[in-house]
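Chemist: Coordinates only, no sequence provided:
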């Protein structure tokens, strides 16, 4: 379990990811169906977001085993300047290979709707268009590729506590859709959700940005020193409407 967010906006893309790792005890029946039994927090710092090529960054949430296999597969095969389309093709190939290898335990989770393994690659293609490649495990799951159109930006939040967020990066009328605004919004999302779900989402998170010139920045943050602002407040309201944070 974990929490990641992403933004695609004109000349740059951005990913954030917490560092929590959760142990999952499970049973696997003869037909390959996975039954989850219990969760427990593991004290391991596991970065969820990183740079993949000069044009692509990647974030993974869900089953750590699949995430490790995927990262290792892509790292071994990508070229330094592979664009978003080429990385998407590699991801599709990896998913097909894993789905057919029933001897690999990771393949059981790909078709399990409850496993909730998601992969996001954000970046640019060789024509200069920016977009998102996404994959959510489950029956008949596919790798989706979407490029930014006429809208100001594309965004997502995935993981613990995000199902209640209709549009996690929806801006108020007074806010400009710039990178500092989106960084602040991502910080608010991590702060509120980690406060409400301390077992499943870590106080620490990483933020990575990549622009179309290939410049990348990586930063680490902690939300713990700002938890006091939430004391006595209805966190459930904040989780369902992040704009409530700005209204205070």
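Modeler: That came through, no problem. For clarity, every value in this text was computed on a predicted model and none was experimentally measured.

Chemist: Quick one: the strands in this structure, in order.
Modeler: 3-9, 12-18, 21-28, 34-42, 49-53, 56-61, 118-124, 130-136, 144-147, 154-159, 204-211, 216-222 (DSSP state E).

Chemist: Make JSON lines out of the ones you listed and add mean pLDDT, mean neighbour count and distance to residue 87.
Modeler: Placement of C-beta: from N, CA and C, glycine included. As requested, the strands of the chain are exported to JSON lines (pLDDT from 0 to 100; neighbours: other CB atoms under 10 Å; distance: least, CB to CB, whole Å):
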{"stretch": "strand 3-9", "mean pLDDT": "95", "mean neighbour count": "25", "distance to residue 87": "15"}
{"stretch": "strand 12-18", "mean pLDDT": "96", "mean neighbour count": "26", "distance to residue 87": "13"}
{"stretch": "strand 21-28", "mean pLDDT": "61", "mean neighbour count": "14", "distance to residue 87": "25"}
{"stretch": "strand 34-42", "mean pLDDT": "51", "mean neighbour count": "12", "distance to residue 87": "28"}
{"stretch": "strand 49-53", "mean pLDDT": "96", "mean neighbour count": "20", "distance to residue 87": "6"}
{"stretch": "strand 56-61", "mean pLDDT": "93", "mean neighbour count": "25", "distance to residue 87": "5"}
{"stretch": "strand 118-124", "mean pLDDT": "95", "mean neighbour count": "26", "distance to residue 87": "5"}
{"stretch": "strand 130-136", "mean pLDDT": "94", "mean neighbour count": "21", "distance to residue 87": "7"}
{"stretch": "strand 144-147", "mean pLDDT": "95", "mean neighbour count": "14", "distance to residue 87": "10"}
{"stretch": "strand 154-159", "mean pLDDT": "91", "mean neighbour count": "22", "distance to residue 87": "17"}
{"stretch": "strand 204-211", "mean pLDDT": "96", "mean neighbour count": "21", "distance to residue 87": "13"}
{"stretch": "strand 216-222", "mean pLDDT": "94", "mean neighbour count": "13", "distance to residue 87": "15"}
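
Chemist: Indicate which one of those is closest to residue 101.
Modeler: Closest approach to residue 101 among these (CB to CB): strand 21-28, 14.6 Å.

Chemist: Residue 123: what's it in contact with?
Modeler: Counting by CB atoms under 8 Å, 6 or more residues apart in numbering, residue 123 makes contact with 13, 52, 53, 55, 56, 57, 83, 84, 87, 130, 131, 210.

Chemist: Could you single out the nearest of the residues you listed to residue 225?
Modeler: residue 57 (26.7 Å).

Chemist: how much space between the nearest residue to residue 8 once chain neighbours are set aside and residue 69?
Modeler: Nearest residue to residue 8, sequence neighbours excluded (CB to CB, 6 or more residues apart in numbering): residue 154, at 4.1 Å. Here residue 154 is placed at a distance of 27 Å from residue 69 (CB to CB, to the nearest Å).

Chemist: for residue 17, same thing?
Modeler: From residue 17 to residue 69 the distance is 18 Å (CB to CB).
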